[in-house]
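Visitor: I need the structure of the sequence given here:
(chains A and B)
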There are 2 protein chains.
Amino acid sequence: MNPIVQLIAVETSPPSLQDNTGDLDRLRKGVESAAGFMPVVPFSCMGEVARKFREAGFKGVAVVNDKDHVMELVDFLHEPPVLLPAMALDLGTTHLEAALVDLINGDVLARANLENRQIQYGADILTRIHFATKDNGLAVLQSEIVSTINALAEDLAAQAGLEAAAIRALAVSGNTTMVHLFLGLNPYYLCREPYTPLVNWPDICLAGDLHLSLHPFSPVWVMPSVGSYFGGDLISGILASGLAEAEETCMLIDVGTNAEVVLGNREWLIACAGAAGPALEGGVAAMGMRAGPGAVERVAIDPETLELKYQTIDGSLPKGICGSGIIDLVASFYLSRIIDIRGKFRTERCPNRFVQTSQGAAFVVVAADESADGNPVIFGQVDLDAMMRSKAAMYSILITLTNQVGVGFDDLAKIYVAGAFGRHIDPRQAITLGMLPDLPLETFEPIGNSSLAGAERVLMEKKSRDTCRELINKITYLELNVNQEFMIRFSGSRFIPHTDTSLFPSVPVFD
Amino acid sequence: MNPIVQLIAVETSPPSLQDNTGDLDRLRKGVESAAGFMPVVPFSCMGEVARKFREAGFKGVAVVNDKDHVMELVDFLHEPPVLLPAMALDLGTTHLEAALVDLINGDVLARANLENRQIQYGADILTRIHFATKDNGLAVLQSEIVSTINALAEDLAAQAGLEAAAIRALAVSGNTTMVHLFLGLNPYYLCREPYTPLVNWPDICLAGDLHLSLHPFSPVWVMPSVGSYFGGDLISGILASGLAEAEETCMLIDVGTNAEVVLGNREWLIACAGAAGPALEGGVAAMGMRAGPGAVERVAIDPETLELKYQTIDGSLPKGICGSGIIDLVASFYLSRIIDIRGKFRTERCPNRFVQTSQGAAFVVVAADESADGNPVIFGQVDLDAMMRSKAAMYSILITLTNQVGVGFDDLAKIYVAGAFGRHIDPRQAITLGMLPDLPLETFEPIGNSSLAGAERVLMEKKSRDTCRELINKITYLELNVNQEFMIRFSGSRFIPHTDTSLFPSVPVFD
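Guide: Residues are numbered from 1 along each chain as shown, chains lettered A, B, ... in the order given. Now for the predicted structure:
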């Protein structure tokens, strides 16, 4: 497997007049005998490592970081440790998810998640990029993300009965902007044509360099990105879905703040990304929230009686509505003709389900007396418009990408759907909206948080680390920001299910 | 030549929608196209390097450190610089000598030397090792040596019209203890059986790690050592003398605080070291001083009239006596029978040349009214005893080493004599004392400060850096601290020229 941190059992004979090899030279030779490579010892831990090696009687266990270009010996232990904990991290714009993995056997020791503390300086990427260009803004954002990661590390460690400093490695998978902010790199050019990252493939650094509370000599692997809008999180997704080894052509869809899509197989890969996600994320719709306790995740409206049924996550009292609930809701609106094909409310269909707000009419999903906090869960025209843009963007991205390589949706063996979007949505409802193509439901396969899963893999396997690096050279990236076809497709997709209804034979058409 | 820091001219096309490769990825690929290797960019300079690359319009000159295991891109310049200054350093126990070398063409831009500021904490190695084991002692000694090096760097830079921070590399050649103190490594075990260094072959670190005032990303090459008593300074000497490429067997003698001797040729090398030097260094003999202005460097005494003639360096008024002066003086004492074969003063030979001191009778080399400061330059029995021990040690080292491999002195094609000792002594006088073997004078070849010369070489040539590393594996080190033959030889050598006068046919024998 060759995890990113390796334990090498070393046994050397102690120094003698016949062999007065220097302590660290002796240790390095011991590693070479045991493992077949000669590690380097970084300046900043030479004294400490030598002291521990001598104290242990010139035998024990060397802790070696695989830094790609070089194997780096950073610690020495008397005895083999019971655990070798490492942290895998999905560095999301709004939310971070993490897992603590034991590099000895691959066990997941703990999981945790936390809101990104950068949010106070801007909910979305563009606001944060702007903030980063102000005096000290970049340092503030970096410090907030580091503090979020440290809090997660402490949570994970506590769950496993450890200190955060016992964590020996970190793999980070995030979008390109988040990675820039995490590494303290100027994100200014990311959002300006031609959308150039400062770096796609950062070399491995150490946790101490970033003031992380992990063991200071933990290697920090950052999943490489392909471009400003194609981050390491999607490289993780490709790893986790197995797309790059697939015989038949498949697709991977990851909807976070952006929708990121990869199409291909073992021979070729093409990818693009676009802003199709925000309407589905917590914090965008007025009553939107992340998939979590109290979120309305399922909605059904009887097309005849207009009776509405909902289901919340955990069955707790409703507080808001998450992405899958929104998709169900809007599809039900369409099927029960509460909205028209342009996504505009037809309030006359059920006037008593609407309330007036400062933003206009809003549909009451959950009445005040049924909710967790005594406020109704409502969904307004503004939220609906955002959803229509997102669904149009999503379909336009998919069709533009497949057209680019002359592949039809029918040619796809699988569509892997990552993240909360994949885990929670009902593909049938997304098809009704014209958000996903009209394919047999078994084509769609949810794969969970593939950004996190990819980070877990690179911690464990050298093969996966090598694959990441190959992927960024193999992928063709289609820039949609300046793509004419995408613009045209986008206009045609702003109806339910589509201006060309023949694309969605399974969806009822109303005159 | 491949100097330790390389300038790679890079020209890339600027980012475009067709090629939005990340800035640093673009730069690394540019280096790969130009130079055939893909460098890494250390975490701590990623942002700065990317900024400079962009500011320069995506073309210019990459500054790349050759760190053996990895090529490390640390800076980017708009234009090729006129100079690429690097500092070569002989890190002596009492004195530091340095040269500023231009890595572009190998020119020496400046030379400077300075007393080691650690001296206030102990004149000799053992005192300093003891001091280092006290609270904070190691940190104090490290800080003093760093401050000495910084002062030298500023001197060198000023001579060349530069700032110290313009210096882009450092190569350090010193004895093993000095290297430990410089790197902040515990020297405790160096002087305790089995005399084990903490490290012989430290990996390259950066000037910033050591708080040096050079450019913080200057690579710091430390010449590897073979053992506690065989430092990198002697590896430098082997490099500078060409010993490891010699067809015929040669010898290298370097007398500093220790006498270090290497014997061999292109096939094999054997080395040993011992305390043969102190008597010749400034600060040991009561009136001893380094070879410098005002030092008596030549002495002749007419064996009949006992008239004494001396010569000082630069012809300035005498202040003390340096190593070569001491050797001339003691040889003249012997030839004029002012001392006996045991090295004891025969004051009756010229009572008027002696004065009484608290340490006993002392010979007046320079009268008070001829000296620089109105004090006579004198040489006492204590100084003479130290000189006798040194000369006995030196000869014993040479004969023990040659005997070890069955080589006779007559088999030696050359004896390279390094350092001030080699530059200043008259081999004829050293033979008279029985310090050097009785060989034709042309056998002895002074090679100057070979520790410094070796450091200059490794800055300029990859081949020399590789050779250093080969040498430490090739050399057999003979430990004299526990060598019985050495002890016996030492006793036999405490006469002038030797108990076995047949070994010195050219030296007159007095009954």
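Visitor: OK, contacts around A:Ala291?
Guide: Taking C-beta atoms under 8 Å, 6 or more residues apart in numbering or on different chains as the contact definition, A:Ala291 lies against A:Glu297, A:Ile313, A:Cys322, A:Gly323, A:Ser324, A:Ala420, A:Arg423, A:His424. In short, each C-beta sits where N, CA and C put it, glycine included.
Visitor: give me that answer again for 10 Å
Guide: With C-beta atoms under 10 Å, 6 or more residues apart in numbering or on different chains as the criterion, the residues that contact A:Ala291 are A:280, A:282, A:297, A:313, A:322-325, A:419-421, A:423-425.
Visitor: then A:Pro80?
Guide: Residues in contact with A:Pro80, defined by C-beta under 10 Å, 6+ apart, are A:Leu7, A:Ala9, A:Gly60, A:Val61, A:Ile104.
Visitor: helix or strand right after the worst-scoring helix or strand of chain A on mean pLDDT?
Guide: Lowest on mean pLDDT, DSSP states H and E among the helices and strands of chain A sits helix A:419-424, with a mean of 80. Next along the chain after helix A:419-424, taking DSSP states H and E as the criterion, comes helix A:427-433.
Visitor: what is that following helix packed up against?
Guide: In terms of contacts (3 or more C-beta pairs under 10 Å, 6 or more residues apart in numbering or on different chains; DSSP states H and E), helix A:427-433 is packed against strand A:295-301, helix A:323-335, helix A:381-405, strand A:414-418, strand A:444-448.
Visitor: re earlier: let me know the closest of the contacts of A:Pro80 to A:Val220.
Guide: A:Val220 lies nearest to A:Leu7 out of the contacts of A:Pro80, by C-beta to C-beta, at 19.0 Å.
Visitor: how much space between the closest one and B:Pro293?
Guide: According to C-beta to C-beta, to the nearest Å, A:Leu7 stands 60 Å off from B:Pro293.
Visitor: ok, those two, which is more surrounded?
Guide: It is A:Leu7, of A:Leu7 and B:Pro293, that has more neighbours when counted by other C-beta atoms under 10 Å in any protein chain shown, with 20 against 13.
Visitor: in which helix or strand would I find A:Trp221?
Guide: Going by DSSP H and E, A:Trp221 is part of strand A:219-222.
Visitor: let's see the helix or strand just after that strand as PDB, backbone CA atoms only.
Guide: Next in sequence after strand A:219-222, counting helices and strands by DSSP H and E, comes helix A:232-241. Backbone C-alpha positions of helix A:232-241 (Å, rounded to 0.1, in the frame of the first residue of the first chain) are rendered in PDB as follows:
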ATOM      1  CA  GLY A 232      -8.400  18.700  -6.300                       C
ATOM      2  CA  ASP A 233     -11.800  17.700  -4.900                       C
ATOM      3  CA  LEU A 234     -12.800  16.500  -8.300                       C
ATOM      4  CA  ILE A 235      -9.500  14.600  -8.700                       C
ATOM      5  CA  SER A 236     -10.500  12.900  -5.500                       C
ATOM      6  CA  GLY A 237     -13.900  12.100  -7.100                       C
ATOM      7  CA  ILE A 238     -12.200  10.500 -10.100                       C
ATOM      8  CA  LEU A 239     -10.100   8.500  -7.800                       C
ATOM      9  CA  ALA A 240     -13.000   7.400  -5.600                       C
ATOM     10  CA  SER A 241     -15.300   6.600  -8.500                       C
END
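Visitor: hang on, the earlier thing: give me the buried subset of the contacts of A:Pro80.
Guide: Of the members of the contacts of A:Pro80, the ones counted as buried by neighbours, 16 or more other C-beta atoms under 10 Å in any protein chain shown, are A:Leu7, A:Gly60, A:Val61.
Visitor: relative to A:Val5, how far out is the residue lying closest to the first one once chain neighbours are set aside?
Guide: It stands for A:Leu7. Nearest residue to A:Leu7, sequence neighbours excluded (C-beta to C-beta, 6 or more residues apart in numbering or on different chains): A:Val61, at 5.1 Å. Between A:Val61 and A:Val5 the distance is 11 Å, computed by C-beta to C-beta.
Visitor: for the closest residue to chain B within the stretch 201-350 of chain A, phi and psi?
Guide: Nearest residue of the stretch 201-350 of chain A to chain B (C-beta to the nearest C-beta) works out as A:Cys205 at 3.5 Å. Torsion angles at A:Cys205 (phi, psi; degrees, to the nearest 10) stand at phi -110, psi -170.
Visitor: which parts of the stretch 51-200 of chain A sit against chain B?
Guide: Contact residues (C-beta under 10 Å from any C-beta of the partner chain) of the stretch 51-200 of chain A with chain B: A:51, A:53-54, A:67-73, A:138, A:176, A:180, A:183-186, A:188-190, A:193-200.
Visitor: distance of the residue positioned nearest the centre of chain A relative to A:Leu478?
Guide: Centroid-nearest residue in chain A, with C-alpha atoms, centre = their mean: A:Ser451, separated by 4.0 Å. A:Ser451 is 21 Å from A:Leu478, where distance means C-beta to C-beta.
Visitor: ok, so what distance separates the single nearest residue of the stretch 301-450 of chain A relative to chain B from B:Gln18?
Guide: At 14.6 Å from chain B, A:Gln404 is the closest residue in the stretch 301-450 of chain A, using C-beta to the nearest C-beta. Using C-beta to C-beta, A:Gln404 is found at 15 Å from B:Gln18.
Visitor: the more surrounded of those two?
Guide: Taking other C-beta under 10 Å, A:Gln404 and B:Gln18 do not tie; A:Gln404 has more neighbours (16 against 8).
Visitor: output the below-cut-off pLDDT ranges for the stretch 251-400 of chain A.
Guide: Residue ranges of the stretch 251-400 of chain A with pLDDT under 70: A:257, A:275-285.
Visitor: now do the strands in it.
Guide: A:259-264, A:269-274, A:295-301, A:308-312, A:320-321, A:354-357, A:360-366, A:377-380 (DSSP state E, counting those that start in this stretch).
Visitor: residues from the stretch 401-511 of chain A in reach of chain B?
Guide: Checking the stretch 401-511 of chain A against chain B by C-beta under 10 Å from any C-beta, the hits are A:Ile472, A:Tyr477, A:Glu479, A:Asn481, A:Val482, A:Asn483.
Visitor: just the buried ones out of those, please.
Guide: A:Ile472, A:Tyr477, A:Glu479, A:Asn481, A:Asn483.
Visitor: contact partners for the residue lying closest to A:Phe333 once chain neighbours are set aside?
Guide: In space, A:Phe333 comes closest to A:Ile339 once its chain neighbours are excluded; the distance is 4.3 Å by C-beta to C-beta, 6+ apart. Counting by C-beta under 10 Å, 6+ apart, A:Ile339 touches A:330-333, A:345-347, A:349, A:363, A:381, A:384, A:388, A:496.
Visitor: enumerate the beta-bridge partners assigned to the closest residue to A:Lys474 other than its chain neighbours.
Guide: Spatial nearest neighbour of A:Lys474, excluding adjacent residues (C-beta to C-beta, 6+ apart): A:Leu269 at 5.7 Å. For A:Leu269, the beta-bridge partners under DSSP bridges are A:Gly264, A:Ile475.
Visitor: contacts only, for A:Leu269.
Guide: A:226, A:238, A:243-244, A:246, A:252, A:262-263, A:471, A:474-477.
Visitor: now list the buried members of those residues.
Guide: By 16+ other C-beta under 10 Å, those give A:Val226, A:Ile238, A:Leu243, A:Ala244, A:Ala246, A:Leu252, A:Val262, A:Leu263, A:Leu471, A:Lys474, A:Ile475, A:Tyr477 as buried.
Visitor: picking up where we left off before, got the contact list for the residue of the stretch 201-350 of chain A closest to chain B?
Guide: A:Lys67, A:Leu170, A:Leu183, A:Ser218, A:Pro219, A:Val220, A:Trp221, A:Val222, B:Pro42, B:Phe43, B:Ser44, B:Met46.
Visitor: so which of the strands of the stretch 251-400 of chain A is nearest B:Ile415?
Guide: Among the strands of the stretch 251-400 of chain A, strand A:269-274 sits nearest to B:Ile415 (C-beta to C-beta), with 68.1 Å.
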